[in-house]
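A.B. asks: Here is my input, please return the structure:
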Amino acid sequence: MIAHNLSLYASTPLPDALGMPHSDAYAFFEGKAFADWRKGKEGELKLQAGIADRLNNVIRACGAIVKTIAGSRR
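C.D. replies: Numbering: from 1, shown residues only. Predicted coordinates for the structure are as follows:
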């Protein structure tokens, strides 16, 4: 399992990850490089969530405009 995670998160080929000692793999996941990568990924996800929230607000505003225009034509 640790080899698969190493392959995914460290871009290590799976055969190399399978041959790596567990202590080296655990050291990677407990190290600063992985913590920095994880913080960067969390930042990307927050940015994407912010964009999605703004788009939702624009869609809601467009719906409100359409309802207002439709109501004034009656």
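
A.B. asks: host element of the residue nearest the centre of the chain?
C.D. replies: By CA atoms, centre = their mean, the chain has its centre lying nearest to L45, at 4.0 Å. For L45, the element it lies in under DSSP states H and E is helix 32-72.

A.B. asks: Check what pLDDT A33 gets.
C.D. replies: Note on A33: pLDDT of 89.

A.B. asks: How many neighbouring residues does it have?
C.D. replies: Residues near A33, counting by other CB atoms under 10 Å, number 10. To be clear about C-beta, it is placed using only N, CA and C from the backbone, and glycine gets the same treatment.

A.B. asks: Let me know the distance separating it from A3.
C.D. replies: As defined by CB to CB, to the nearest Å, A33 lies at a distance of 18 Å from A3.

A.B. asks: just F29 next, same as before
C.D. replies: 12 Å.

A.B. asks: Kindly report the same for A49.
C.D. replies: With CB to CB as the criterion, A49 and A3 are 31 Å apart.

A.B. asks: More neighbours: those two, which one.
C.D. replies: A3 (17 against 10).

A.B. asks: does that one sit in a helix, a strand or a coil?
C.D. replies: Look at A3: counting by DSSP: H, G, I helix; E, B strand; the rest coil, its state is helix.
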